[in-house]
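>>> quick one: sequence plus predicted model below, questions after.
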Number of protein chains: 2
Amino acid sequence: MRKIDLTSFNVATSETARNINRRIVLDLIRTRQPLSRADLARLSGLQRSTISLITDQLVVEQWVTEGAFGHLPRGRKPRFLHLNVERTGIIGINVRPTRTTVALADLNGRFIVQESFPTASKSEDFIKDLIQRVEALIKAHPQMFFEGIGVSVPGRVDLNSKRLIFAANLGWNDVDFKTPLETATGLAVEIENAANACALAEIWFERRGEGVRDLVAVTISEGIGTGIIANGQLLRGANGVAGEFGHISIIENGELCKCGNRGCWELYASNSAAIRNYEGAATTTRGNGNSNRQSPTFDDILRLAEQGDIKAAQALDRMAYHLGAGLAMLTIGIAPATIVIIGEVTQAWKRIYPIIKRVIAERSPLIHSVTKIVPAEAAEKPRLRGSVALILQKHFGAPAFA
Amino acid sequence: MRKIDLTSFNVATSETARNINRRIVLDLIRTRQPLSRADLARLSGLQRSTISLITDQLVVEQWVTEGAFGHLPRGRKPRFLHLNVERTGIIGINVRPTRTTVALADLNGRFIVQESFPTASKSEDFIKDLIQRVEALIKAHPQMFFEGIGVSVPGRVDLNSKRLIFAANLGWNDVDFKTPLETATGLAVEIENAANACALAEIWFERRGEGVRDLVAVTISEGIGTGIIANGQLLRGANGVAGEFGHISIIENGELCKCGNRGCWELYASNSAAIRNYEGAATTTRGNGNSNRQSPTFDDILRLAEQGDIKAAQALDRMAYHLGAGLAMLTIGIAPATIVIIGEVTQAWKRIYPIIKRVIAERSPLIHSVTKIVPAEAAEKPRLRGSVALILQKHFGAPAFA
DNA sequence: AGATATTATTCGCATCCCGAACAAAATAAA
DNA sequence: TTTATTTTGTTCGGGATGCGAATAATATCT
């Protein structure tokens, strides 16, 4: 939609103004509901007459419903408008290496039902499973009108083919989810990288009304992913693979990464890095590299650090230090208003944030940065919300012209 | 203009469609001239009737002129349209630490006159000089209508105040060019960082019609600057200081930079770095760190390398290696269609490009990058053209809505 | 001279926003 | 209780815009 080459223009027609204003009105209702037609006119600057026409149309199309009457000291009572959460639903899918979640959300991005199942190891099996679950979900809600399916995947999506590429943690390569899902359900399917989806979810749900147009989401798990919103739009790059800051060298001639490069950021600042930090410390102090102990999980390390385990705490501190190094890179290079950190490590925010802050300050002393580093609310299920935002933005977001 | 907060909306009015289509038509004429009204209709998809109305308006406003008649095997001869290069002028200013250039350009971005003068060391003196030169330029062309003044500066510009901040190489801090220039001339003044201006110039003049919407310009002189175009727009970040990739550490605990950070990219890949490389080699081989020889300039090193001097060649090779390291970062993180290199070093392109290419390939072996690394044409005066593009984009570029 | 092809303009129509007038509804004041 | 005031929401005429068909204006080929 935003792709514009000089052969296919997005010229404006007589309906263009309505299209734009309709999106503005719909987005205002979404972010400020409940509110009256008069409120909309004041907020948008459009005439009340215009607002009436647009809202009536939205009500007819069942995007919006009229609710209770408001109360004012004088004058006619305003009729409040809401998004229609009864009728319109969006299916959000979050694919992760071990488990996949399928959920039904309303227009407010609230989840009505949600279920998860193990991610099959072969992509063909997985697609079969997925279609079955989605079809069951649709059948279970016959009264609902489904607006589309958003999918968040732990890998990169080719901009043209919409096929999944580089899904290192899944072990799949060049897989097409979109076509089979679309043919099976008849719904529009949008696929996006998980970090991009998180970034979208942040400006869409969390920071609504803050006017944030530059934001970076950093997902930290086995690896590190970054999703960048610049000027209010996802930075996808020429082929859709922008944002692989996790695979930028922060240590010259460092360890070899599975991406083939050396010294990648995610080698030093991911959950796996903390585990290696911890195991390195544990084995050296015990002088026994061959112990048969099970590797600790990252959750173990978080728990141990919380309980006062020094080695675990040091492992986290080291991870935080390197997180700071990479975040300094993003702060200096992208200068977003906000960087949102997504991952289990945010449970130890009190421990890691001062370290991150110090490292960033050390590395950009003259550039008095405006970037705020904040943890994502774990309860918000950022990846899943992002997959919902993928569909919402098609109707609520601003269109592009050239 | 693109700043959109939720209190001041860009709602669409009845004139919005015309505004959009007018920009499309004007940009088509700019990039494809000469062409007829019928050509415009075919290219844009608008009706010929609509094109007639728009072009007539553009002719009346003197943006466009009607030129010669075309020739066709059959049918009525088309009347060619051109940008009006006679009447409308743009003043471009390129501020550099040693010299400043003031130029008058036509709507095609071709320079009609151009003069340069030494940059005064005190900012107040400089502004006085500048205003005098600009006023003389305006007086010398009384028949011309001036559309605005674009200024490219070697530093960062605060997004809100439009004041110059961080101009390390100028030694100025927090200077306001815009207000005095605007009050003196009565023209609209746009200020932008030099690397950003170069990036703008590239998509505006050089890559026109290629449909490139993601591009990075890297300016290499005493330091390194980066200007990023993402989704067709300048990446400015929350406060306008995005793009300082020159000050990202590529060597952990490296040398101290004047920015206060350690191991910054520009310490290893700028012209100054090559000079240090050369001098380090020269002194160690001669075993004399105290020789009173004058430091060579970067141009000297380029010349020496060209003449077969091994130490100079090695200094350039080292510079190229580190250039590659930083460009790999941009390739992986931003994934633009094109990275344009601006600077004297492009004179040694044959030497440095293979090194750059190898380093990038080594650092992103699995991400088969689509990014092309190209040298800017030195003759094109990228900074100056960028300052012109700053003004042009206000009339030709796509508007933003939300 | 007539047919054909191509460019450019004209005109009626539909869409859309604006703004003023109006209708509806609720409270305050007389 | 009646009237004035205030606020919400609708209606209607006017102006701007793009569309598409018809028409005018050229130019070449047959």
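Thanks, I have it. Residues are numbered from 1 along each chain as shown, chains lettered A, B, ... in the order given.

>>> which SS class is residue A:190?
strand (DSSP: H, G, I helix; E, B strand; the rest coil).

>>> please disregard the earlier target; I meant residue A:170.
Residue A:170 ends up coil, using three-state DSSP.

>>> count of neighbours near it?
Burial of residue A:170 is recorded as 20 neighbouring residues (other Cβ atoms under 10 Å in any protein chain shown). Backbone N, C-alpha and C define where each C-beta goes, glycine included.

>>> ok now do the closest residue to DNA strand C within the stretch 101-250 of chain A, which residues does it touch?
Using Cβ to the nearest atom of the strand, the single residue of the stretch 101-250 of chain A nearest to DNA strand C is residue A:147, 20.7 Å away. Neighbour list for residue A:147: A:88, A:89, A:90, A:187, A:188, A:391, A:395 [criterion: Cβ atoms under 8 Å, 6 or more residues apart in numbering or on different chains].

>>> partners of the host helix or strand of it, with directions?
Element membership for residue A:147, per DSSP states H and E: strand A:145-153. Partners of strand A:145-153 in the sheet, by DSSP bridges, are strand A:88-95 (parallel), strand A:189-193 (parallel).

>>> what strands line up against the helix or strand following it, and which way round?
Downstream of strand A:145-153, the next assigned helix or strand under DSSP H and E is strand A:156-157. According to DSSP bridges, strand A:156-157 forms sheet pairs with strand A:164-165 (antiparallel).

>>> run a quick neighbour tally on the residue in chain A that DNA strand D sits nearest to.
Nearest residue of chain A to DNA strand D, counting by Cβ to the nearest atom of the strand: residue A:75, 2.3 Å away. Neighbourhood size, residue A:75 [other Cβ under 10 Å]: 7.

>>> how about it, secondary structure?
coil.

>>> kindly report the same for the one 5 residues further on.
Of the three states, residue A:80 takes strand according to three-state DSSP.

>>> thinking it is in contact with residue A:71, fair?
No - shown here, residue A:80 and residue A:71 do not form a contact pair, counting by Cβ atoms under 8 Å, at 10.5 Å.

>>> centroid residue for chain A?
By Cα atoms, centre = their mean, chain A has its centre lying nearest to residue A:198, at 1.2 Å.

>>> which SSE is that residue in?
Residue-wise, residue A:198 maps onto helix A:194-201 under DSSP H and E.

>>> low-confidence ranges, the stretch 1-150 of chain A, go.
Scanning the stretch 1-150 of chain A for pLDDT under 70 picks out the ranges A:1-9.

>>> what segments of it are helices?
Assigned by DSSP state H, counting those that start in this stretch, the helices in the stretch 1-150 of chain A fall at A:16-32, A:37-44, A:48-60, A:123-139.

>>> quick check, distance from the third one to the centre of its chain.
If I follow you right, that is helix A:48-60. Relative to the centre of its chain, helix A:48-60 is centred 32 Å away, using Cα atoms, centre = their mean, to the nearest Å.

>>> tell me how many other residues crowd the residue of the stretch 51-200 of chain A found nearest DNA strand C.
Proximity of the stretch 51-200 of chain A to DNA strand C (Cβ to the nearest atom of the strand) peaks at residue A:76, 3.6 Å away. Residues lying near residue A:76 (other Cβ under 10 Å) number 9.
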